[in-house]
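S.K.: pasted the sequence and its predicted model underneath.
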Amino acid sequence: MTAAQKENFPPQLLEELATIKTAALSDDYAYRQVAHLTENIGPRISGSPQAKAAVEYVADQLRELGLEVKLEEVNVPHWVRGSETAELVEYPGQARGTSQKIVLAALGGSTSTATEGLTADVVVVNNFDELKSLGREKVSGKIVLFNEPFDKQMAAAGLSFVSYGEAVRYRSGGPKAAAELGASAALVRSVGNADYRLPHTGSSQPAGIPAGAVTAEDSDLIADLAAQGKVRMHLTLTPQKLPDVVSYNVIGDLKGSEHPEEVVVVSGHLDSWDLGTGAIDDGAGVAVAMEAAEVLQKLHLHPKRTLRVVAWMDEESGGSGSEAYTKKHSLEFPRHVAAIESDSGAAHPLGFETRMTTGAAELLRPVFDVLQSFGANALQPSSYPPGADIASMSMAGVPALGLMQDGRTYFNYHHTAADTLDKIVPAELRENGAAMAVMGYALANMKNPLPR
Ligand SMILES: [Zn+2]
């Protein structure tokens, strides 16, 4: 160890970190929490009664742990899925009197078609340039399908977030680009990794037209048929945008014994999409953040700085929870020593993505050494904030860490009806709890605040 590492991590602290790790690796607290959030409460989309129940539940649980709990107000959108059906009603080689069913889901924030739906020709494009080159004349009044595939090979090689980043541009910006050329509706190929004909929902920039995600299989079908000739679709999407709702970030402080004003955030987001029950995205993240506090309380270990558990609201539908926190606390960011978020699933943790100075990251080596025994010791510097909810803190200079899970299967389930509790392997969740608790306590108890 360097002199600075030794100074910050004396033998007693390293022993405590090892004790926390051992305790967390046999602790089923996080699993019980995510089981309650997903099975008893269910899908927790912003503005829903389940999101409200989840806020109350997590607040109660954190109070039970002995934390100082605050609910901080957040104004959230309230969008409710309606019926969503589509069929191809005209296509080359069609058998008389038949149509072909298309499996899809509305994207968050999508507007509605008329109750009886709309019927229009489908135009398939592979990217924004193709859309642009078609121009208004060939797009106006049509249903535009963006058929950008998710790069499975990259995902299989461990770079699933790169595949996601590429493909998700069409989900987020496609409908708006199509609307600007007069399209009557926009569809995107689902941004996901598996082929079980599941649509993957997600947020999309407000476009003012109905917008949905078709399954990868249906996207291929439409593209193949459209390459042969005219394809016409009947599309019904009837979601509703209701008035905004007051919701909350749940904040639970385990007060620091020496520097209560210095804060280490451990967090995940409490809202989810509505198709599944939000187990891997992101009930698991909330649960491991809660467990970081639970393990310390169980072991009667006191953080010197405040360990702040945050269950963020509205990560999925606009990020208003993170925004509200920034508005309320940005003057305290110089004393936010570090912020951690877990929002990449619940699979085996590989380590942490870090956005901080190289010196700060190197100072944390002894902590990564503690995590090495179960393989969570990768220290991966990132130029981007490693978590959507901690992004503004990170941009303001707060050292930020993102728990980095094995992401090879994450996008099989992400934002689908299959994001359910069974996708979480209890032993892997325990590893995530251990990584979060060890890192959270290390940041709260190292001698000096992490340099920035
Ligand atoms: Zn998430």
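M.R.: Done, it's in. Note that the structure is a prediction, hence the values are computed from the model and not measured.

S.K.: which residues does Thr277 contact?
M.R.: Applying CB atoms under 8 Å, 6 or more residues apart in numbering to Thr277 gives the contacts Leu37, Thr38, Glu39, Gly42, Pro43, Gly283, Asp419, Thr420, Leu421. C-beta coordinates here come from the backbone N, C-alpha and C atoms, glycine included.

S.K.: output those as TSV; include the columns secondary structure.
M.R.: Putting those into TSV (DSSP: H, G, I helix; E, B strand; the rest coil) gives the following:
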residue	secondary structure
Leu37	helix
Thr38	helix
Glu39	helix
Gly42	coil
Pro43	coil
Gly283	helix
Asp419	coil
Thr420	coil
Leu421	helix
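
S.K.: specify which member of those residues is nearest to Leu403.
M.R.: The closest of the contacts of Thr277 to Leu403 turns out to be Gly283 (CB to CB; 14.2 Å).

S.K.: for that closest one, give its distance to the ion.
M.R.: 10 Å (CB to the ion, to the nearest Å).

S.K.: count of residues packed around that residue?
M.R.: 33 (other CB atoms under 10 Å).

S.K.: tell me if I'm right that it and Gly42 touch.
M.R.: No - Gly283 is beyond contact range of Gly42, at 10.3 Å (criterion: CB atoms under 8 Å).

S.K.: got any ranges where the stretch 1-150 of the chain has weak pLDDT?
M.R.: Along the stretch 1-150 of the chain, the model assigns pLDDT under 70 to no residue.

S.K.: list the neighbouring strands of the longest strand along the chain plus their orientation.
M.R.: For the chain, the strand with the greatest residue count under DSSP state E is strand 240-254. The partner list of strand 240-254 in its sheet, established with DSSP bridges, is strand 68-80 (antiparallel), strand 305-312 (antiparallel).

S.K.: please name whichever of those is nearest to the ion.
M.R.: The ion sits nearest to strand 305-312 of all the strands paired with strand 240-254, at 9.3 Å, using CB to the ion.

S.K.: do the closest one and the ion come into contact?
M.R.: No - Strand 305-312 lies apart from the ion when judged by CB under 5 Å from the ion; the minimum separation is 9.3 Å.

S.K.: just checking, what packs against the helix or strand just after that strand?
M.R.: Following strand 305-312 in sequence order, the next helix or strand is helix 320-329 (DSSP states H and E). Applying 3 or more CB pairs under 8 Å, 6 or more residues apart in numbering; DSSP states H and E, one finds that helix 320-329 contacts strand 68-80, strand 240-254, strand 305-312, helix 391-395.

S.K.: list the contacts of helix 320-329.
M.R.: 46, 72-77, 247, 249, 269, 271, 310, 312-315, 336, 388-393, 396.

S.K.: swap in stretch 22-40?
M.R.: For stretch 22-40, the external contacting residues (CB under 8 Å, 6+ apart) are 44, 54, 57-58, 61, 270, 277-279, 283-284, 286-288, 290-291, 294-295, 298-299, 346, 374, 420-421, 424, 426, 429-434, 437-438.

S.K.: now do stretch 146-163
M.R.: Contacts for stretch 146-163 (CB under 8 Å, 6+ apart): 124-127, 131, 164, 166-167, 169-170, 174, 178, 186-193, 216, 219-220, 222-223, 344, 406-408, 410-411.

S.K.: switch the cut-off to 6 Å
M.R.: Under the contact criterion CB atoms under 6 Å, 6 or more residues apart in numbering, stretch 146-163 has outside partners 124, 126, 167, 170, 174, 188-189, 191-193, 219, 223, 407, 410-411.

S.K.: repeat that for stretch 424-435.
M.R.: Residues lying outside stretch 424-435 but in contact with it, judged by CB under 6 Å, 6+ apart, are 21, 24-25, 30-31, 279, 288, 291, 346-349, 371, 374, 376, 403.

S.K.: before we move on, back to that, the contacts of stretch 146-163 in helices, which ones?
M.R.: Ala167, Tyr170, Gly174, Ser219, Ala223, Tyr410, Phe411 (DSSP state H).

S.K.: so how far is Thr416 from the fifth one?
M.R.: Per CB to CB, to the nearest Å, Ala223 is found 21 Å from Thr416.

S.K.: which of those two has more neighbours?
M.R.: Comparing Ala223 with Thr416 by neighbour count (other CB under 10 Å), the higher total belongs to Thr416, at 24 against 18.

S.K.: gap between that one and the ion?
M.R.: 13 Å.

S.K.: wait, is that residue part of a helix?
M.R.: No - using three-state DSSP, the secondary structure at Thr416 is coil, not a helix.

S.K.: tell me the pLDDT of it.
M.R.: Looking at Thr416, its pLDDT is 98.

S.K.: that one reaches Leu198, doesn't it?
M.R.: Yes - contact criterion CB atoms under 6 Å: Thr416 and Leu198 qualify, at 4.5 Å.

S.K.: show me which pair in the contacts of stretch 146-163 is furthest apart.
M.R.: Val124 and Gly407 (28.9 Å).

S.K.: next, the buried residues of the helix or strand where Ala287 lies.
M.R.: Counting by DSSP H and E, the element that carries Ala287 is helix 284-299. Neighbour counts using 16 or more other CB atoms under 10 Å place 284-296, 299 of helix 284-299 among the buried residues.

S.K.: now those in JSON lines, with pLDDT?
M.R.: Output for those, formatted as JSON lines (pLDDT from 0 to 100):
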{"residue": "Ala284", "pLDDT": "99"}
{"residue": "Gly285", "pLDDT": "99"}
{"residue": "Val286", "pLDDT": "99"}
{"residue": "Ala287", "pLDDT": "99"}
{"residue": "Val288", "pLDDT": "98"}
{"residue": "Ala289", "pLDDT": "99"}
{"residue": "Met290", "pLDDT": "99"}
{"residue": "Glu291", "pLDDT": "98"}
{"residue": "Ala292", "pLDDT": "98"}
{"residue": "Ala293", "pLDDT": "98"}
{"residue": "Glu294", "pLDDT": "99"}
{"residue": "Val295", "pLDDT": "98"}
{"residue": "Leu296", "pLDDT": "98"}
{"residue": "Leu299", "pLDDT": "98"}
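
S.K.: picking up where we left off before, buried ones among the contacts of Thr277?
M.R.: Judged by 16+ other CB under 10 Å, buried ones among the contacts of Thr277: Leu37, Thr38, Gly42, Pro43, Gly283, Asp419, Thr420, Leu421.

S.K.: looking at these, which is nearest Gln240?
M.R.: Pro43 (16.3 Å).

S.K.: grab the nearest non-local neighbour of that closest one.
M.R.: Computed as CB to CB, 6 or more residues apart in numbering, the closest residue to Pro43 that is not its neighbour in sequence is Asp274, at 4.5 Å.

S.K.: what's the burial count for the one you found?
M.R.: Using other CB under 10 Å: Asp274 sits among 26 other residues.

S.K.: show me the contacts for the residue in the stretch 351-452 of the chain that the ion sits nearest to.
M.R.: Per CB to the ion, Ala388 is where the stretch 351-452 of the chain lies closest to the ion, at 7.2 Å. By CB under 6 Å, 6+ apart, Ala388 lies in contact with Glu315.
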